[in-house]
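K.L.:
Sequence isn't available, so here's the structure alone:
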């Protein structure tokens with residue numbers, strides 16, 4: 001099979017699909033047949049796939065669901081080509097926010113991009129959303145009524161206006177804003193700063209996705225950390241569902257430092273019929289490295305794929321401590337494969353990733369050393385935010401304080417980030433040809 005390959009902790013493969021000129025074939029049928037050949041070639045669990053007749057399915061979406069190896073494969077899927085490529089270029093259409101619900105079923109901003117019009121209005125993580133277009137969306141999310149929530153929020157189309165009523169976390173200010181959805185470039189580094197702890201100067205980095213813009217943003221953050229001569233690093237990956245493997249490689253290399261350059265970052269293992277494609281990625285030599293003693297990673301169930309592989313790749317080289325909740329559990333990756341007409345991106349699980357010690361069976365995720373609440377009432381980097389407070393306590397006391405008196409509860413957070421984005425990718429120059 002001739003392949004055009006993108007690895008996101010997955011890859012692209014292309015085959016020629018022929019048809020008779022006198023028999024017009026729809027994009028759905030063409031895509032379905034293309035996917036069937038693809039799955040029988042590169043799918044990691046090719047020997048365990050259900051036996052199906054592709055002609056019983058009208059499109060690649062339903063065929064993919066039928067061919068997945070369950071219950072392990074929670075990730076393989078099919079996406080629109082243009083939407084997929086736009087996301088990984090860092091393009092966004094909307095208000096630039098993710099919304100969650102706190103313990104009182106009050107809607108809160110849990111994340112906001114810096115180029116969002118709402119950010120320019122002063123809105124930050126932790127702010128309360130009283131209503132949107134007169135509707136209490138916190139009640140909708142608490143009830144799991146995402147259909148009505150999406151109706152209230154309206155489609156992701158530039159120019160669509162929603163009327164928000166906000167209040168700050170302490171209820172001391174009320175702000176009424178009519179905000180139009182806009183198209184803008186996102187930022188993946190949400191914030192970075194230093195914390196003066198009793199254990200030493202510590203860097204804090206909140207990082208949301210491994211995408212194209214991440215490289216320059218990470219270089220800026222680690223240039224700052226290196227100049228400040230930080231001793232430890234708190235890496236906040238609580239909402240990071242993955243992305244480009246080469247960006248993950250750079251982040252791991254910055255953290256591991258040049259003393260580990262040339263050592264194994266990850267090994268990429270395919271199915272038996274494609275074992276010749278197995279390869280190894282190595283830690284990089286870089287000018288953005290920091291000489292840290294300990295790495296503390298803030299995690300949740302939304303911490304997935306490339307994020308987990310950064311954790312797994314660094315375990316052989318340094319003390320890595322997870323604080324928060326158990327991670328997603330995705331040690332496998334996907335090739336994002338476009339059909340010749342660039343209508344679809346096919347995202348089948350195509351390989352597994354292991355570290356330098358050949359460890360990579362974390363399907364149950366990485367359990368935290370200290371269980372801590374994702375505190376949606378406070379902004380990233382606030383030392384009183386419960387997950388960060390637990391991370392600080394671990395660095396300063398070894399976790400002796402702990403937080404056993406707090407009821408641990410996972411906050412409800414609207415989808416905001418489609419499940420297909422929870423992956424690791426490898427991009428190659430010949431993608432899409």
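P.N.:
Alright, I've got the coordinates. Computed from a prediction, not measured in an experiment: that's the story for all the values here.

K.L.:
neighbours around residue 171, how many?
P.N.:
With neighbours defined by other CB atoms under 10 Å, the count for residue 171 comes to 9. Quick note: C-beta positions are derived from backbone N, CA and C, even for glycine.

K.L.:
What of the one 10 residues further on?
P.N.:
The burial metric for residue 181, expressed as a neighbour count using other CB under 10 Å, is 22.

K.L.:
same deal with residue 396?
P.N.:
So residue 396, with other CB under 10 Å, has 15 neighbours.

K.L.:
mind listing the strands for the stretch 251-400 of the chain?
P.N.:
With strands called from DSSP state E, counting those that start in this stretch, the stretch 251-400 of the chain shows them at 264-269, 279-282, 294-299, 319-324, 332-334, 337-338, 344-347, 349-354, 370-371.

K.L.:
what bridges to residue 135?
P.N.:
residue 132 (DSSP bridges).

K.L.:
shouldn't it be in contact with residue 150?
P.N.:
No: in this structure, residue 135 is not within contact of residue 150 by CB atoms under 8 Å, at 11.9 Å.

K.L.:
Is it correct that residue 78 falls within a strand?
P.N.:
Yes: the assignment for residue 78 (DSSP: H, G, I helix; E, B strand; the rest coil) places it in a strand.

K.L.:
I'd like the distance between it and residue 176.
P.N.:
Using CB to CB, to the nearest Å, residue 78 is found at 41 Å from residue 176.

K.L.:
neighbour-wise, which of those two wins?
P.N.:
Ranked by neighbour count (other CB under 10 Å), residue 78 and residue 176 place residue 78 first, with 23 against 10.

K.L.:
OK, contacts around the more buried one?
P.N.:
With contacts defined as CB atoms under 8 Å, 6 or more residues apart in numbering, residue 78 is in contact with 31, 35, 60-61, 64, 344-347.

K.L.:
Just list what the one helix or strand residue 66 maps to packs against, helices and strands only.
P.N.:
Assigned by DSSP states H and E, residue 66 belongs to helix 60-67. With contacts defined as 3 or more CB pairs under 8 Å, 6 or more residues apart in numbering; DSSP states H and E, helix 60-67 has these neighbours: helix 27-42, strand 77-80, strand 344-347.

K.L.:
most packed of these?
P.N.:
A comparison of the helices and strands packed on helix 60-67 by mean neighbour count, using mean count of other CB atoms under 10 Å, puts strand 344-347 on top with a mean of 26.

K.L.:
chain center to it: distance?
P.N.:
With CA atoms, centre = their mean, to the nearest Å as the basis, strand 344-347 stands 18 Å off its chain's centre.

K.L.:
who does it pair up with?
P.N.:
Strand 344-347 has these strand partners (DSSP bridges): strand 77-80 (antiparallel), strand 337-338 (antiparallel).

K.L.:
right, and those - which one's nearest residue 279?
P.N.:
When the strands paired with strand 344-347 are compared by CB to CB, strand 337-338 sits nearest residue 279, at 17.4 Å.

K.L.:
just how off-centre is the closest one within its chain?
P.N.:
20 Å.

K.L.:
Also stretch 144-152?
P.N.:
Distance of stretch 144-152 from its chain centroid, counting by CA atoms, centre = their mean, is 23 Å.

K.L.:
Repeat that for stretch 193-208.
P.N.:
Put simply, stretch 193-208 sits 22 Å off its chain's centre (CA atoms, centre = their mean).

K.L.:
since we're on residue 316, how many residues are nearby?
P.N.:
Neighbours of residue 316 (other CB under 10 Å): 15.

K.L.:
Residue 44 against residue 353, yeah?
P.N.:
No: using CB under 8 Å as the test, residue 44 is too far from residue 353 to be in contact (10.9 Å).

K.L.:
In terms of neighbours, single out the busier of these two.
P.N.:
residue 353 (26 against 23).

K.L.:
Just to check, that one is in contact with residue 265?
P.N.:
No: at 9.4 Å, residue 353 does not count as touching residue 265 under the criterion of CB under 8 Å.

K.L.:
would you say residue 140 is within a helix?
P.N.:
Yes: assessed with three-state DSSP, residue 140 lies in a helix.

K.L.:
In a markdown table: the strands paired with strand 344-347, plus distance to residue 56 and mean pLDDT.
P.N.:
Below are these laid out as a markdown table (distance: least, CB to CB, whole Å; pLDDT from 0 to 100):
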| stretch | distance to residue 56 | mean pLDDT |
| --- | --- | --- |
| strand 77-80 | 17 | 90 |
| strand 337-338 | 22 | 88 |
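
K.L.:
Residue 330 is nearest to which of these?
P.N.:
The closest of the strands paired with strand 344-347 to residue 330 is strand 77-80. By CB to CB, the value is 13.1 Å.

K.L.:
Packing partners of the next helix or strand after the closest one?
P.N.:
Using DSSP H and E, the helix or strand that directly follows strand 77-80 along the chain is helix 81-88. Applying 3+ CB pairs under 8 Å, 6+ apart, we find helix 81-88 packed against strand 344-347.

K.L.:
how is the chain carved up into domains?
P.N.:
The chain breaks down into these domains under automatic domain parsing: 95-185, 189-427.

K.L.:
Ok, which of those comes nearest residue 53?
P.N.:
domain 189-427 (18.5 Å).

K.L.:
Please compute how far that closest one lies from its chain's middle.
P.N.:
Taking CA atoms, centre = their mean, one finds the center of domain 189-427 at 9 Å from the center of the full chain.

K.L.:
where does the stretch 51-200 of the chain dip in pLDDT?
P.N.:
Within the stretch 51-200 of the chain, the set of residues satisfying pLDDT under 70 comprises 87-91.

K.L.:
Which parts of it are helices?
P.N.:
According to DSSP state H, counting those that start in this stretch, the stretch 51-200 of the chain carries its helices in the segments 60-67, 81-88, 117-120, 137-142, 146-153.

K.L.:
distance between the fourth one and the chain's centre?
P.N.:
Using CA atoms, centre = their mean, we find the averaged C-alpha position of helix 137-142 to lie 24 Å away from the chain's own average C-alpha position.

K.L.:
List the contacts of that helix.
P.N.:
By CB under 8 Å, 6+ apart, helix 137-142 touches 99-101, 105-107, 129, 131, 146, 148-149, 152-153, 412, 414.

K.L.:
do that again at 7 Å, thanks
P.N.:
99, 101, 105-107, 129, 148-149, 152, 412, 414 (CB atoms under 7 Å, 6 or more residues apart in numbering).
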